[in-house]
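Peer 1: Task: produce atomic coordinates for the following.
(2 chains)
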Amino acid sequence: MIRFPIIKLFCLLLTTMAAGYTQTGEELLNDLLGHMNPESSRGIMRQTIHTLSGEKRVLTYESAADEKGKNSMMRYLSPARVKGNALLMKNYSNDIWMYNNRTKRVRKLASHAKKQKFEGSDFTYEDMGSGDTWRTDYAPVPLGIQSMDGIKCNVLELKSENEANSYSKILAFLRTEDQFPLKIEYYDNSGNLEKTLFLDNIEKIQGVSTAMKMVMENRQDNTSTIMEYESVEYNVTFDKNFFSEQTLKR
Amino acid sequence: MRTKLFNQLAKFISEKTGWALFSIIIITLITGYLSSKIKINMNMADLLPKNSPMMEEFNYVAEHFPGANPMIIVLQGDEEKMKIFAEGIKNKIENLSAWIERFGSPKIQKQHEMAKNGSNFPGKYYRRVDIKLPTKFFEDHGLMLLKNDDLKRMRKLYEEPGFLPFLINLNDNLEKEYIQSEEKISTMQKEREAVQFLDNIETWSDFVNRALFELEYDKTLSQEAARSFAAGSPYLYSPDRSMMLVMAEPTFNVLDIEKLLPAVNGLEELVKKEAAKYGIGAGLAGGIVLARDEMVASTEDSFLLTLLALTGVFLLFIIAFRMISAPFLAILNLLLGIVWALGISYLLVEELNMFTSMASVVLVGLGIDFSIHIISVYSEMRRKGENIYDALGLTLNKVGAGIITGGMTTAVAFLTLTTGRSSGIVEFGLVNGIGLVIVMLATLLILPTFLILQEKLRIYLGEKLLKNFSVERKSVDISYKLLGSAGDKIYKKYGVSLIGILIITTILGFSMTKVEFDYNYLNMEPEGLESIRLNHLLIHKYNMSSDPTMMTAKSLQENYNFTQKAKEQSSISWVQSITDYLPPIEKQQHRKPLIAEIHRIMENSSTNLSFSEDYQLQVVDELMRLEANIIEMQDMAFISGQDMVDQKTFRLVGSANFTTAAIKMDELVLEPTTITKEKTGEINRLLAQVLNENFPVEVKEILRKIIREIQKTDIADIGRLKNIANQINELAAHPIMAGKITALANNLNETVLEENRLEIFSRDFAGQYKNIVLDMADTNTIKLEMLPVNTRDQFYSPEEDCFLITVYPKGNVWNIQYLDTFSKDLLDITPRIAGLPPMFYYLIDIIGQDGKKAAVLTLIVVFIMLLIDFRSIKFSFLALLPLIIGFIWMLGIMGILGIKITLVNVMALPLILGIGIDDGIHILHRYRSEGKGAIRHVLSSTGKAVVITSLTTMISFGSLVFATYRGFGSLGIALFIGVGTCLLASVFVLTPMIRLFRE
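Peer 2: As a prediction, this is how the structure comes out:
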């Protein structure tokens, strides 16, 4: 007779605590990077860009990544004229090599290339493979909960801690349900919104939430790039020499 | 007061008809003379607010740099033929006046005579014609023009003169430049620089190839090779060299209409005639050509459409009134009224702009209404047996007040537009508002005079002669009984009618929200213009639109700052500025030590070269390395979407699609067990891609044959597949398919050059290259006065107080998203920008604001006038209601029909508020005078006049649909619909509302 109200009260207290609990910036950043950089993955992607003269161009490539995005590789599958050309990024895009299938040559890009556009897209090499560097380069600040298209989202601000960073701040909108990012805004060093990444068509693949479609809209250039997974698998074990120049030339 | 005035007027016309006629003739002669001086100027700049920074800058640039908006002569065809043509045409263009006088068509000669006899004819139409870049200046000061970082990166290229070291350094540099740093081609400006660099390599390879493989060795080719690498091809070729541009700087600006026609027409005739002799294509592009096209179209439209509108109105008049003489007199009256109005317009505005150029059509549509009312009542009075003098007095007293109220209401609606900021809208309101008042006054004087004259003439000549040409004879009842009967039914079942109207209005109100704004300015231009087609081609070939935007800087430092900022914008394709020739002094000082060092090293270098036995092989190796570097650039450019670089590399290393197809085919026939249908299909797809690339027709024909062959061949038929592989390899050997560097490397690899040709060439090249680099490594500070005269004139004002910067947009400026980015990018640099694209962007914003303001003001003014007229809020509201409903219906129908709001037809929105009110006023006035329950009579009598006046207005505006200038068409159709919906609303909405409110 007496215990029931006590249990009820205890449950109510727990619920209230849970509702009032707000995650710290670090926790949100951990969640964000956890979703953005799975331990290892392999997949086939379709990239749609617009050329400088405004034509649409679709490219497909196979990609592989391990150590939470520290190392990654991609190889073009189509169109045929660039089939076999490949790119290797190591140490969070600080080291980039390119392989050309027609000349059979490998070239290393300068380290500053990571801030440049990735293959004509609105992503930079850094956006593609920055991995855990956000932990050291930016300070996470939670900005509370906002509704985005009817979905409650935690808003996380990443404040640049270094003038050399590509962005002055990054705003990530993580749905409260599982802290999966739905939108990420990138602000340039003058504080203006430069790009927005939309993560769509979220599916669970091998238990990992995956945005099957990512759209990067460049507000300043008025361009956009679409990246879509044709297939993806996680927890892939790569040969220890997989992310090397030898594999690049395969 | 009004009665007295009208009586006096009737008396004057009746008794002093001769004097009245004399006054009409005198006024017509004076206004006729004035109206003959009026010109049409379709320039968009004239629509902007006079005191806006853009307008100020536009006038400033027009005054200081009359040639800032150059004429672009677009050549298409064989590279060499275009070059010869350009060299030959330069003088002819600079002396176009003489050419027109000797060879021009009579029409152009006449235009030229008029320009010559006009004011300030400078003697020539084109001050300067540029077919080449000032390469000599680059050869003399080239290194001082390079950025310090570029100098550091490229210094090795300028320190060793030998041919082989040159090649090695070039490759080293390319690997640094394009492989290690994608930043070099990450923006349009940088892409352009990359294309220029590749173009230098192409020109260089042409001369090397000729020097090594022509029968006789020509020493000058080594000099040309060295020079071309340093300064590039001087001609303005497209990256694929299928197109060349020649720029002609006019001595007049786009506002100078007198010279515009002979200058553009003459030039067009000249280049087309001459180009045909060389077997190449030639056409004109640029803002001035478009201005010519607009002017020709609008001038022709203005005359033809006025004629069409008058004819339509005349025919309708005959059908409606079943008489001939009265319509004839009404049209004659209207013509004279328009002449008067245009004469006064000349005094008000001097030139008609894009909006006011169709004033005569507007005045036909609205002005005829006055005549309809007068003739309608006058003929009625005469039918009733009144004599001509009494009939006139009664007519003026019965309809004069209505004419003045109706005319003034519409005129005031027009005049509210003068509160706008845009000069275009202000002048539109002024010309049409005052014009309508003039036509109204003219009608009150001219038409009664004509009617009296006609009657007097009839009496004088006798009844028989004019019996078929008389007003009096027509005594048939021409009231609209059907309309009256329909109105009666609506009146009785007003509840059902109102529900129906509510449903229709809701549907159309929803559809109204679908109406979009057409941001493409070119959609207003006449269809099929060559200048627009060439503009699209320029975007495709050069990533550059021919609609430049200009800005001026007061100092060299400001010029440098603006130029740098412009070059950083991704929306900008090309920036032309004096900074390209004259870097800031401190930058030059900074570069001097390094240039001096390069100069010293080069000066001490030896050109007395020695050659190893495998020298030719080493050269071949480096050429192959060069080929590989360019192939890698080609692939990166393709993946990165840098089309211009991709296209440019075709000419050096061939088509990537074709090369890949050839390699894959070779691989397949070498290992027949790997052949699959999928693999041959992939080869075919690659070859099909080549068909989309820029190759000659004969090459594409061979390709099509190969593609068909592959499709037909069984994959087991190895012999036939090998045959196809051979065909592909044969085609690969074609110089066009191979690319110039690939061909040079292959030729040198396969040929044993006689008489030490390579060594002799290498020595000559070293000597020439050394001299050129020593010239380029001049450490003297470049000063303004050292610039070539043409270059200085191009960028520095004659008053020596400002510098011109010309910015070419990269994309289609008539895509609103791009235009938005481009305009904002420019406004970030300075608010003082002048050019069609940002002006259009600014104008649509201002016109939007002005349109809204004018619409609200018009409604307020109209309501006040209604209050004065009816002295009743209820009746004023009732009169306004059909206008509001008609307005919603108009936009709703436009939404359903997919008609967009354009820069021109946006005028229809405030206009219809002024025009559409009349019908309701007339019906309500008549209803008030007839009393309750008289709706059948009101609609069959006044309804007739309302229908006819609306139909004449609709016919008049509808004639605009046939305008060549499509902007007018969009205005015509919007007004046609608007007048129609206001008429329908006046009958079908007002009738049940009268019942609801009144009874």
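
Peer 1: Nearest residue to the residue nearest the centre of chain A in space, please, no chain neighbours.
Peer 2: Nearest to the mean C-alpha position of chain A, by Cα atoms, centre = their mean, lies A:Met36 at 4.6 Å. Distances taken as Cβ to Cβ, 6 or more residues apart in numbering or on different chains put A:Pro181 closest to A:Met36, at 6.9 Å, once the chain neighbours are dropped. Every residue, glycine included, has its C-beta placed from N, CA and C.

Peer 1: Could you do A:Asp137 as well?
Peer 2: A:Asn165 (5.1 Å).

Peer 1: While we're on that neighbour, how confident is the model there?
Peer 2: For A:Asn165, the model assigns a pLDDT of 79.

Peer 1: That one against A:Trp134, yeah?
Peer 2: No. In this structure A:Asn165 lies outside contact range of A:Trp134 using Cβ atoms under 8 Å: 9.5 Å.

Peer 1: ok, back up a step: which SS state does the residue nearest to A:Met36 fall under?
Peer 2: At A:Pro181 the chain is in strand, as set by DSSP: H, G, I helix; E, B strand; the rest coil.

Peer 1: Next, the contact list for it, please.
Peer 2: Residues in contact with A:Pro181 (Cβ atoms under 8 Å, 6 or more residues apart in numbering or on different chains) are A:Leu32, A:His35, A:Met36, A:Ala172, A:Phe173, A:Leu174, A:Leu199.

Peer 1: The last one falls within a helix, correct?
Peer 2: No. When the secondary structure is assigned by three-state DSSP, A:Leu199 falls in strand instead of a helix.

Peer 1: just checking, it touches A:Lys183?
Peer 2: Yes. Using Cβ under 8 Å, A:Leu199 makes contact with A:Lys183 at a distance of 7.1 Å.

Peer 1: Counting neighbours around each, name which of the two comes out higher.
Peer 2: A:Leu199 (21 against 18; other Cβ atoms under 10 Å in any protein chain shown).

Peer 1: how about the longest helix anywhere in chain B: buried residues?
Peer 2: Across chain B, the longest stretch assigned as helix under DSSP state H is helix B:423-461. Buried residues in helix B:423-461, counted by 16 or more other Cβ atoms under 10 Å in any protein chain shown: B:423-455, B:458.

Peer 1: Share the number of residues neighbouring B:Asn563, please.
Peer 2: Actually, residue B:563 is Thr. It isn't Asn. Counted with other Cβ under 10 Å, B:Thr563 comes out at 22.

Peer 1: Is it in a helix, a strand, or coil?
Peer 2: helix.

Peer 1: What distance do you get for it to B:Met544?
Peer 2: Distance check for B:Thr563 against B:Met544: by Cβ to Cβ, to the nearest Å, it reads 17 Å.

Peer 1: And the residue in the stretch 701-850 of chain B that chain A sits nearest to, how far from B:Gly811?
Peer 2: Closest approach between the stretch 701-850 of chain B and chain A, counting by Cβ to the nearest Cβ: B:Thr821, at 4.5 Å. Shown here: B:Thr821 relative to B:Gly811, a distance of 9 Å by Cβ to Cβ.

Peer 1: ok, now B:Ile833?
Peer 2: Counting by Cβ to Cβ - B:Ile833 and B:Gly811 are separated by 17 Å.

Peer 1: residue contacts, A:Ala139?
Peer 2: By Cβ under 8 Å, 6+ apart, the neighbours of A:Ala139 are A:Gly25, A:Leu158, A:Lys159, A:Glu161.

Peer 1: let's see it at 6 Å
Peer 2: A:Ala139 makes contact with A:Lys159, A:Glu161, according to Cβ atoms under 6 Å, 6 or more residues apart in numbering or on different chains.

Peer 1: what does B:Asp825 give?
Peer 2: B:Asp825 touches B:Gln569, B:Ser571, counting by Cβ under 6 Å, 6+ apart.

Peer 1: 8 Å instead?
Peer 2: B:Gln569, B:Ser570, B:Ser571, B:Ile572.

Peer 1: Could you report the pLDDT at the last one?
Peer 2: The model reports B:Ile572 with a pLDDT of 81.

Peer 1: burial of it, as a residue count?
Peer 2: Around B:Ile572 there are 25 residues (other Cβ under 10 Å).

Peer 1: Could you check how far it is from chain A?
Peer 2: Distance, B:Ile572 to chain A, by Cβ to the nearest Cβ, to the nearest Å: 11 Å.

Peer 1: That residue and B:Gln564 touch, don't they?
Peer 2: No. Using Cβ under 8 Å, B:Ile572 is not in contact with B:Gln564; the gap is 11.7 Å.

Peer 1: Can you tell me which residue of the stretch 251-400 of chain B sits closest to chain A?
Peer 2: For the stretch 251-400 of chain B, Cβ to the nearest Cβ, closest residue to chain A: B:Ala285, 17.3 Å.

Peer 1: so what pLDDT did the closest residue to that residue other than its chain neighbours get?
Peer 2: Computed as Cβ to Cβ, 6+ apart, the closest residue to B:Ala285 that is not its neighbour in sequence is B:Leu534, at 4.0 Å. pLDDT, B:Leu534: 86.

Peer 1: how about B:Leu534, what does it touch?
Peer 2: Contacts of B:Leu534 by Cβ under 8 Å, 6+ apart are B:Ile72, B:Val74, B:Gly283, B:Leu284, B:Ala285, B:Ser546.

Peer 1: quick one: contacts for the residue of the stretch 251-400 of chain B closest to chain A?
Peer 2: Here B:Ala285 is in contact with B:Ile72, B:Val74, B:Ser531, B:Leu534, B:Asn535, B:Leu538, B:Ser546 (Cβ under 8 Å, 6+ apart).

Peer 1: element containing the second one, please.
Peer 2: Element membership for B:Val74, per DSSP states H and E: strand B:71-76.

Peer 1: That strand: how far from the chain's middle?
Peer 2: 16 Å (Cα atoms, centre = their mean, to the nearest Å).

Peer 1: list the helices and strands the very next helix or strand once past it packs on?
Peer 2: In the C-terminal direction, the helix or strand that comes right after strand B:71-76 (DSSP H and E) is helix B:79-94. Judged by 3 or more Cβ pairs under 8 Å, 6 or more residues apart in numbering or on different chains; DSSP states H and E, helix B:79-94 is in contact with strand B:71-76, strand B:126-130, strand B:243-250, helix B:257-278.

Peer 1: and these as CSV, adding mean pLDDT, mean neighbour count and distance to chain A?
Peer 2: Converted to CSV, the helices and strands packed on helix B:79-94 look like this (pLDDT from 0 to 100; neighbours: other Cβ atoms under 10 Å in any protein chain shown; distance: least, Cβ to the nearest Cβ, whole Å):
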stretch, mean pLDDT, mean neighbour count, distance to chain A
strand B:71-76, 93, 25, 17
strand B:126-130, 89, 20, 25
strand B:243-250, 91, 23, 14
helix B:257-278, 91, 20, 26
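
Peer 1: For B:Phe166, which of those is the nearest?
Peer 2: strand B:243-250 (28.3 Å; Cβ to Cβ).

Peer 1: May I have the strands that pair with the closest one, each with its orientation?
Peer 2: strand B:71-76 (antiparallel), strand B:126-130 (antiparallel), strand B:236-237 (antiparallel) (DSSP bridges).

Peer 1: where does the residue nearest to A:Asp137 land in three-state SS?
Peer 2: coil.

Peer 1: low pLDDT regions in chain B?
Peer 2: B:1-2, B:66-67, B:177-189, B:255, B:462-481, B:546, B:933, B:998-999 (pLDDT under 70).

Peer 1: all helices for the stretch 701-850 of chain B, in order.
Peer 2: B:718-732, B:735-738, B:740-750, B:757-776, B:789-795, B:816-829, B:836-870 (DSSP state H, counting those that start in this stretch).
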